[in-house]
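**Q** compute the structure for the input listed below.
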Amino acid sequence: MQKRNLTKEKIIQVAFLLADEISLKQVTFPKIAEKLDIKYPSLYNHFTNMDNLKIGMTVYLLNGLNLKLMQRLIGKSGEDAIREFAYVYRDFAFENNTAYGLFMSIPSTEDEELNRLAKETFNIIHQVLDFYIKDKTLLVHKSRALRSCLHGFVSLYSFGYLHNPINLEDSFKFMIDDFILSLSSK
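**A** Predicted coordinates:
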């Protein structure tokens, strides 16, 4: 690859591929450069350091998640929207396991784009739950509860738990049904 074809997106995609191969902790600028067949100082034209690259990777991931959520939620409301949100979120996390781990490990940051995208995700959740909840404080609590359920399920599965004879899909459906039931009782 010639330097003039190097973009942030290409670097991010290669970083994700490498992370899947060798683990995110092992990804370095020299290893990314080797995959891209460039000299690693060229990467500094796009990212100031690995932390900056990881933020860029998280932005890339959130863009993909939010786009998929918005596409799949069109025309849905109530239970259908909550179920769709939950399954899209879970499936996206499973399909992007390494990237999802990165997303969950990025500490609070001042990065405007990352914060904007995180707020966009929260707004999607709020719009889905607004069908049931009008009180803004309760909306925040239930939004946190849903995100925590989904993150907990994805994390436990990713760390090797939840692998027993009980059907995983049944467990996920039960969790989402239980969450929806908690909304109906308000």
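**Q** mind checking the SS state of Leu102?
**A** Here Leu102 is helix, with the state taken from DSSP: H, G, I helix; E, B strand; the rest coil.
**Q** give the contact list for it.
**A** Counting by Cβ atoms under 8 Å, 6 or more residues apart in numbering, Leu102 makes contact with 19, 24, 54, 57-58, 61. (Each C-beta comes from the backbone N, C-alpha and C, glycine too.)
**Q** include secondary structure and pLDDT when you put those into JSON lines, please.
**A** As requested, the contacts of Leu102 are exported to JSON lines (DSSP: H, G, I helix; E, B strand; the rest coil; pLDDT from 0 to 100):
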{"residue": "Ala19", "secondary structure": "helix", "pLDDT": "92"}
{"residue": "Leu24", "secondary structure": "helix", "pLDDT": "89"}
{"residue": "Lys54", "secondary structure": "helix", "pLDDT": "93"}
{"residue": "Met57", "secondary structure": "helix", "pLDDT": "94"}
{"residue": "Thr58", "secondary structure": "helix", "pLDDT": "92"}
{"residue": "Leu61", "secondary structure": "helix", "pLDDT": "93"}
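**Q** buried residues of stretch 168-177, list them for me.
**A** 172, 175-176 (16 or more other Cβ atoms under 10 Å).
**Q** so how far is it off the chain centroid?
**A** Taking Cα atoms, centre = their mean, to the nearest Å, one finds the center of stretch 168-177 at 20 Å from the center of the full chain.
**Q** gap between Pro30 and Ala15?
**A** Note on Pro30: its distance to Ala15, by Cβ to Cβ, to the nearest Å, is 12 Å.
**Q** over to Leu53?
**A** With Cβ to Cβ as the criterion, Leu53 and Ala15 are 6 Å apart.
**Q** more neighbours: which of those two?
**A** Ala15 (29 against 21; other Cβ atoms under 10 Å).
**Q** show me the contacts for that one.
**A** Residues counted as contacts of Ala15 (Cβ under 8 Å, 6+ apart) are 27, 32, 53, 57.
**Q** and it, which helix or strand is it part of?
**A** Following DSSP states H and E, the helix or strand that holds Ala15 is helix 8-22.
**Q** helix or strand next in line after that helix, which one?
**A** Defined by DSSP H and E, the subsequent element after helix 8-22 is helix 29-36.
**Q** who are the packing partners of that next one?
**A** Using 3 or more Cβ pairs under 8 Å, 6 or more residues apart in numbering; DSSP states H and E as the contact test, the elements touching helix 29-36 are helix 8-22.
**Q** what's the distance between the helix it packs on and the middle of its chain?
**A** For helix 8-22, the distance to the chain centre is 16 Å (Cα atoms, centre = their mean).
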